[in-house]
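S.K.: coords please:
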Amino acid sequence: MAAVAATAALVLPHPHTDKHAATTPASTASPAPSTSPLPQGHHLVTDKALGVAFPVPDCWTAGTRATDEVTYKDSSGLAGVTIGTVDPAGANPVAHFADIEANTKVNYPTYRRLRMQRTAFRGQPAAIWEFTFRGRARAFRAIDLGYGREGGREYDVYLSAPDATWADYRPVFDNVRDGFRTTG
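M.R.: Numbers count the residues shown, from 1 in each chain. A predicted model of the protein is given here:
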C-alpha cells in the first residue's frame, strides 16, 4: 500500500492510504446491534465491506471511504478516526509501520515520532505508533494501532486530531479500540 496522502488535507489521512485510490462517502456503514454496552454518547457502526464494527461518537459523521478503509470525522473536520485493513498482514507490525514512517517523513517534514513499539492486541501481534506533524494551520497528533497475524488480515485503528486538544480526543481512540470487533 502506498503511504501518506498529499498534504492538502487538514487531518492526516491514515498512513496506509493510497493517495490515488478512489474515495466515496462512507454511506455503506450502518448501525450494528450491540452485544456490549457502548460508551455514553457513541453509536455502533458496522462496515460490511471491511468486516468490522466499532463505536464512534454520536456527533461524528462518515467521511470518505476507499476499498480498504473508512473514516469518521468530528463536526470541525479537524479530527478523524480511520479504520483500515491490509491484506495480507506481514510478519512484523513494527517493521510495517517503520516502512510507512519513511514515506511520512518525506511528505511531512515536521513529522516527529513519539513512540513506535511492539505490543499485542487481543492475543495477536500488534504495533502502536504515535506521532505529531504540522498541518497547514496547526500541529496535529496521531495514534495508530495495527494488529493481525502474518498471512491474515491486518486491522488498523487510527486517530488524528489537533495537538492542542489531544487530551479531549484521545478517549475517542480508546473507545473505538476497545469496542472494535471483526464481523466477517
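
S.K.: can I get the helix or strand hosting A53 in CSV, CA atoms only?
M.R.: Assessed by DSSP states H and E, A53 sits inside strand 52-57. The C-alpha trace of strand 52-57 is given here as CSV (Å, rounded to 0.1, in the frame of the first residue of the first chain):
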residue,chain,number,x,y,z
VAL,A,52,-15.8,-4.7,11.2
ALA,A,53,-18.0,-3.0,13.8
PHE,A,54,-16.8,-0.2,16.1
PRO,A,55,-18.3,2.7,18.2
VAL,A,56,-18.0,6.3,17.1
PRO,A,57,-19.1,9.5,18.9
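
S.K.: tell me what the helix or strand just after that strand is packed against?
M.R.: Tracing the chain past strand 52-57, the next element assigned as helix or strand by DSSP H and E is strand 61-66. Contacts defined by 3 or more CB pairs under 8 Å, 6 or more residues apart in numbering; DSSP states H and E place strand 61-66 against strand 24-25, strand 69-73. To be clear about C-beta, it is placed using only N, CA and C from the backbone, and glycine gets the same treatment.

S.K.: pLDDT of the last one, averaged?
M.R.: Read that as strand 69-73. In this model, strand 69-73 carries a mean pLDDT of 97.

S.K.: how about the strands in the protein?
M.R.: Assigned by DSSP state E, the strands in the chain fall at 24-25, 30-31, 42-47, 52-57, 61-66, 69-73, 80-86, 112-121, 124-134, 139-147, 154-162, 181-182.
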